[in-house]
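Colleague: Coordinates only, no sequence provided:
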């Protein structure tokens, strides 16, 4: 089992201890460090700034949002960071949700699967640098010939030769069609909420993608990086109480009524009634009650919280379910060390 340190995206200000966490993670044997973006800090800049102090860990985005930049722009970021890191970059991509895509980026959210497929295809062509990059669209036509075009655009190849044509691309995915697409066209799956209990269901989704003509990978060389709240503690109840508040936000407050992809994940896990109640309470402003409504078994499905022996046993269970990397957060260096020691 590999470990990835998830720094996420910033709140009101940059996290002051990120460099210390990264240094401790590299010393402790973590495989990678990841950054994210939502509608504040971007993912690439912090990764390049903080990643400059690393020498071994892979540097990844989990995730950058498709609608934030064109596929050729994302490819430019990726090939640049790959060069600067000596071939250690992982490009993690995700579609986000309609509230962010249409509200913040001013882009249409429709057809996320088709957009993802086209986006990744263009990035692959940029990185291959075998020919000038052209695309018939319909989502990212190159050259652009639509309304307002001057008709002067021409196909181009990147000036800079990419370090790796096979730079790994991982996809953030939650639903069955998205997961199957990741297995078909990507090198890894970034699972935001994964439950080992449901591994047979995930395997069906993945196998559908692996079986498609031209699939890029097989189960043998495909990475599954699962976000997991791992805490080594003797006070399990206190940690679960804190986790409940975070989960209430994602289940009840992320997305719009009727279109919350995180809530859908937990409904598929068998918590449809609980999800409805959590959403009702959260949207009514009763956030403490929403948190209290989250059952402990739901938390145990997606998190590992307990003493070192318990954590070690649970990590083995996640590994047996097919997970190759756990993406974990840590508030301080001591927590980074505790996780590494428990897992190793």
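Modeller: Cool, the structure landed. All of these numbers come straight from a predicted model, not from anything done at the bench.
Colleague: just checking, residue 305 is part of a strand?
Modeller: Yes: under DSSP: H, G, I helix; E, B strand; the rest coil, residue 305 sits within a strand.
Colleague: How many neighbouring residues does it have?
Modeller: Neighbourhood size, residue 305 [other C-beta atoms under 10 Å]: 23. Quick note: C-beta positions are derived from backbone N, CA and C, even for glycine.
Colleague: what is it paired to in the beta sheet?
Modeller: On the basis of DSSP bridges, residue 305 is bridged to residue 231.
Colleague: how close does it get to residue 116?
Modeller: Noted for residue 305: a distance of 33 Å to residue 116, by C-beta to C-beta, to the nearest Å.
Colleague: Enumerate every residue touching the residue nearest to the spatial centre of the chain.
Modeller: Among the residues of the chain, the one closest to the centroid is residue 62, at 3.6 Å (C-alpha atoms, centre = their mean). The contact partners of residue 62, taken as C-beta atoms under 8 Å, 6 or more residues apart in numbering, are 4, 6, 34-36, 43, 92, 170, 172, 190, 225, 227, 327.
Colleague: go with 10 Å
Modeller: Neighbour list for residue 62: 4, 6-8, 32-37, 43, 90-94, 170, 172, 190, 192, 225, 227, 327 [criterion: C-beta atoms under 10 Å, 6 or more residues apart in numbering].
Colleague: what's the answer for residue 227, then?
Modeller: Taking C-beta under 10 Å, 6+ apart, we find residue 227 in contact with 4, 6, 8, 34, 62, 172, 190-194, 302-303, 325-329.
Colleague: circling back to that earlier point, state the phi and psi torsions of the residue nearest to the centre of the chain.
Modeller: Taking degrees, to the nearest 10, you get phi -150, psi 80 for the backbone angles of residue 62.
Colleague: just for this structure, where's the confidence low?
Modeller: Applying pLDDT under 70 to the chain flags residues 255-259.
Colleague: Residue ranges of each domain in it, please.
Modeller: Using automatic domain parsing, the domain ranges for the chain come out as 2-226+311-343, 234-306.
Colleague: Need the distance between the two termini of the shortest one.
Modeller: Using C-alpha to C-alpha, to the nearest Å, the gap from the first to the last residue of domain 234-306 comes to 6 Å.
Colleague: quick one: contacts of the helix or strand where residue 297 lies?
Modeller: Secondary-structure assignment from DSSP states H and E places residue 297 in helix 296-302. Helix 296-302 has contacts (C-beta under 10 Å, 6+ apart) with 191-198, 226-229, 236-237, 239-241, 243-244, 247, 251, 265-266, 269-271, 274-275, 278, 295, 305-306, 314.
Colleague: Tell me which of the contacts of residue 62 fall in helices.
Modeller: Taking DSSP state H, every one of the contacts of residue 62 sits outside helices.
Colleague: Write a PyMOL command that selects only the buried members of those residues.
Modeller: Burial among the contacts of residue 62 is assessed by 16 or more other C-beta atoms under 10 Å; the matching PyMOL selection reads:
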select buried, resi 4+6+7+8+32+33+34+35+36+37+43+90+91+92+93+94+170+172+190+192+225+227+327
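Colleague: out of the contacts of residue 62, which are inside strands?
Modeller: 4, 6, 32-35, 90-94, 170, 172, 190, 225, 227, 327 (DSSP state E).
Colleague: now the helices: where do they sit in the stretch 1-150 of the chain?
Modeller: Secondary structure of the stretch 1-150 of the chain (DSSP state H, counting those that start in this stretch): helices at 18-28, 44-51, 71-84, 98-103, 112-128.
Colleague: among those, which is nearest residue 158?
Modeller: helix 112-128 (5.6 Å; C-beta to C-beta).
Colleague: what helices or strands is that closest one leaning on?
Modeller: On a contact count with 3 or more C-beta pairs under 10 Å, 6 or more residues apart in numbering; DSSP states H and E, helix 112-128 meets helix 71-84, strand 89-94, helix 98-103, strand 169-172, helix 176-185.
Colleague: Run the angle between the first one and helix 44-51 for me.
Modeller: Spelled out, that is helix 71-84. Interaxial angle, helix 71-84 versus helix 44-51 (axes from the mean of the first three to the mean of the last three C-alpha atoms, to 10 degrees): 0 degrees.
Colleague: now helix 71-84, how far from the chain's geometric center?
Modeller: Using C-alpha atoms, centre = their mean, to the nearest Å, the distance from the centre of helix 71-84 to the centre of the chain it belongs to is 18 Å.
Colleague: The fourth one now?
Modeller: For strand 169-172, the separation from the chain centroid amounts to 7 Å (computed by C-alpha atoms, centre = their mean).
Colleague: strand partners of it, parallel vs antiparallel please.
Modeller: Sheet pairing of strand 169-172 (DSSP bridges) gives strand 89-94 (parallel), strand 188-191 (parallel).
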